[in-house]
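S.K.: following is a predicted model, sequence given first.
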Amino acid sequence: MTLSSDTSTATSREVRQAGALGGPVVPSTSILRPLTQQEISVTGGFWGHQQELNGTVVIEHCLSWIERIGWLGNFDRAAAGTIGSDHAGIEFVDSEVYKLLEAMAWELGREPNPELEQSYRTVVARVAAAQEADGYLHTSFGRSGQPPRYSNLEFGHELYSFGHLLQAAVARLRTGHDDELPAVARRLADHVYREFGPDGRAAVCGHPEIEPALAEFSRATGDARYLELARLFVERRGTGTLAPIPFGAEYFQDDVPVRDATILRGHAVRALYLAAGALDVAVEDGDGELRDAVAEQWENTVARRTYITGGMGSHHLDEAFGADYELPSDRAYSETCAGIASVMLGWRLLLETGDEKYAELMERTLLNNILASPREDGRAFFYTNTLHQRVAGIEPDENEVSVRALSSLRAPWFEVSCCPTNVARTLASVDLYFATATDAGVQLHQYGEYALDVDLVSGARLRAHLTSGYPFDSAVTVTFDADTAGEIELGLRIPAWARLGATVTAGGSTTPATEPVHTVRGRFAAGDTVRLELPLEPRFTTAHPRVDAVRGQVAVERGPLVLAVESTDLPGGLDTEHVVLRTSVPPVGTERGARVSVRARRSALDEAEWPYSGGSAEGEREDEPLEVELVPYHSWGNRGPSTMRVWTPTTAD
């Protein structure tokens, strides 16, 4: 084979038609083209396990809970005309049914299953039966004994819930089925257009979500009215249409117009969903000003308001971003849904620009923030993701609904249970975030074990599969399963932490991979391989000096994984509050994490009546050093109640 390696990236834009198969996001034009389920599929490895667990456990777990506590039954009673003030759950539990339907649709597209298909159709029928004649569909408003429709746009979540139904319909359309749920969604979207379109009321929902949903539904159906409505919602935001609340207008992102904002602020999930929708509108309209505004917001937020895990949101009270560098570990909110919304935004920016920095944050967030949520058995979840657990958690009752703020360990379900169903829909479609295509070739953004079958505009065809134990193993091998019938480009993302040691081997030649993208170009025959080696040696990481909460502390990372010290791995008598890490001793990689040298530091103030002194370290003592195993942060809390920390104080020796 003839090969040439370079670091070029695609710059030409592809144009696509509406109504095609695809994933969660299919822009009509973009630098990179997202792949369909026919073009990419996970075959095993790390992500194969995650998708298998999701398909066999998580989805069924969510379905059993929404049935058991009456959230699905709300639709039955709404259809029968018997629902009123006794509605089960808070006002937006309809959205959990819709997110679950989206998860089921993606899972059915990934792995057809007659039993799951029947469950899906049954749930859809129950939802459809509750739709009113004018297309409105919500079980908390508008009926006898309930508040009037759209009477609480600040916190009613009607349009937010509609957005999730539209995204569920997109999943069904993109997997090749234009049936009952898309029909329900069209009637609902038409209703919303009449109510809030150019001839309707000039208002927005307190919780953004319908904006990206309408834009994608427009792309999936070809109906431009839905994009027009998404545009209206984006442009109305920041003009003070929502009533004042104690958290301030920025909680709703209603303080500054989207195109004038320079950073994400307020409620984190709201801000990220809105940014995703604004970017969708900008791409479809060719609105460079709006696109650049969203990109700037992402840049500044990542630089100053993002945790090392990729998590976002540092306030518990309002689930919001804090001020710049306000990133406390023990009070990190870092909601799972915010991580998912960040991945949604990053994917859109990646498709639009081709810049791998977006894929890099997506990887960090997927592996460290989002995957920290589900328990290893798929039957309990973290809603929030602290980086420092000071007190061992309390085992939740596996048969009871938990208050989200009290869940010190993963809980089976919550009063506000947006995260489990969000995890389900994300894992069901996560492979569609792994690779893209251009006219010239294919770009690999995330690594694992998966198969590719992509026809290129040039007439060449890439049929290949990846084998890798990543993120625990360093090697990623691409094996071509057939002749490419022409020259193609294979783009490999090189993470920032790997660029001093990564190599690519192809055609018998090994070259350093020092740039964000390493492109191998050539014609490949069946059996040819391209091998990427990424250095996975663990490393110490420090924070910006303005992150006061972790000044004088370090974290340990291994490849894309953030590691943590967990009390379960400490010898008796030592706890995570007294551990100090010896930075003079480099960390050593283990099968899944790293081994570090620590001491126990004790202070005379531990027993004092007043926890302050004149600033002297006098009275402190450190025990003899010992080795401790660090585990992937996403896996902590799976071995029973424990304490944990990501950032650890240091000692020079």
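M.R.: Right, received. Where do you want to start? Numbers count the residues shown, from 1 in each chain.
S.K.: can you tell me which residue is spatially central in the chain?
M.R.: Using Cα atoms, centre = their mean, the residue of the chain that lies closest to the mean C-alpha position is residue 340, 2.3 Å off.
S.K.: contacting residues around it?
M.R.: Contact analysis of residue 340 by Cβ atoms under 8 Å, 6 or more residues apart in numbering lists 370, 422-423, 426. From N, CA and C alone the C-beta is placed, and that goes for glycine too.
S.K.: go again using 7 Å as the cut-off
M.R.: 370, 422, 426 (Cβ atoms under 7 Å, 6 or more residues apart in numbering).
S.K.: quick one: it and residue 312, what's the gap?
M.R.: As for residue 340, its distance to residue 312 is 11 Å (criterion: Cβ to Cβ, to the nearest Å).
S.K.: quick one on the thing from earlier: buried sites along the strand or helix carrying the residue nearest to the centre of the chain?
M.R.: Secondary structure assigned from DSSP states H and E places residue 340 in helix 336-353. Neighbour counts over helix 336-353 (16 or more other Cβ atoms under 10 Å) mark 336-353 as buried.
S.K.: how close does the closest residue in space to residue 256 that isn't next to it in sequence sit to residue 174?
M.R.: The shortest distance from residue 256 to any non-neighbouring residue, by Cβ to Cβ, 6 or more residues apart in numbering, is to residue 238 (4.8 Å). Per Cβ to Cβ, residue 238 is found 31 Å from residue 174.
S.K.: just residue 385 next, same as before
M.R.: Residue 385 is 29 Å from residue 174, by Cβ to Cβ.
S.K.: hang on, isn't residue 264 packed against residue 296?
M.R.: No - assessed by Cβ atoms under 7 Å, residue 264 is found out of contact with residue 296, at 10.2 Å.
S.K.: more crowded one of the two?
M.R.: Using other Cβ atoms under 10 Å as the criterion, residue 264 and residue 296 rank with residue 264 on top: 28 against 13.
S.K.: so the residue nearest to residue 256 lies in a strand, does it not?
M.R.: No - Residue 238 is assigned coil when assessed by DSSP: H, G, I helix; E, B strand; the rest coil, not a strand.
S.K.: that one against residue 252, yeah?
M.R.: No - between residue 238 and residue 252 there is no contact under Cβ under 7 Å: 9.1 Å.
S.K.: comparing the two, which shows the higher neighbour count?
M.R.: residue 252 (28 against 21).
S.K.: contact partners for the more buried one?
M.R.: Contacts of residue 252 were listed using Cβ under 7 Å, 6+ apart, and they are 206, 242, 266, 270.
S.K.: between those residues, which is nearest residue 189?
M.R.: Residue 189 has its nearest neighbour among those in residue 206, at 19.7 Å by Cβ to Cβ.
S.K.: let me know how buried the closest residue to the closest one other than its chain neighbours is, in neighbour terms.
M.R.: Using Cβ to Cβ, 6+ apart and skipping the chain neighbours, the partner closest in space to residue 206 is residue 154 (4.2 Å). Here the number of neighbours of residue 154 (other Cβ under 10 Å) works out to 17.
S.K.: is residue 154 in a helix, a strand, or coil?
M.R.: With three-state DSSP as the basis, residue 154 sits in coil.
S.K.: show me where the chain has its helices.
M.R.: For the chain, applying DSSP state H gives helices covering 45-53, 59-68, 73-80, 94-110, 114-129, 158-174, 180-196, 210-221, 224-236, 268-285, 288-304, 336-353, 356-364, 418-429.
S.K.: model confidence over the shortest one, on average?
M.R.: In other words, helix 73-80. For helix 73-80, mean pLDDT rounds to 97.
S.K.: so what touches that helix?
M.R.: Applying Cβ under 7 Å, 6+ apart, the contact partners of helix 73-80 are 83, 87-88, 126-127, 129-130, 139, 143.
S.K.: for the first one, same thing?
M.R.: Outside of helix 45-53, the residues that reach it under the criterion Cβ under 7 Å, 6+ apart are 42, 378, 427, 430-431, 448-449, 468-471.
S.K.: for it, buried residues please.
M.R.: Neighbour-count burial for helix 45-53 flags 45-48, 50-51, 53 (criterion: 16+ other Cβ under 10 Å).
S.K.: ok, so of those residues, who is nearest residue 579?
M.R.: Nearest to residue 579 among the buried residues of helix 45-53, with distances taken as Cβ to Cβ, is residue 46, at 28.6 Å.
S.K.: quick one: that closest one from residue 470, how far?
M.R.: Counting by Cβ to Cβ, the gap from residue 46 to residue 470 is 7 Å.
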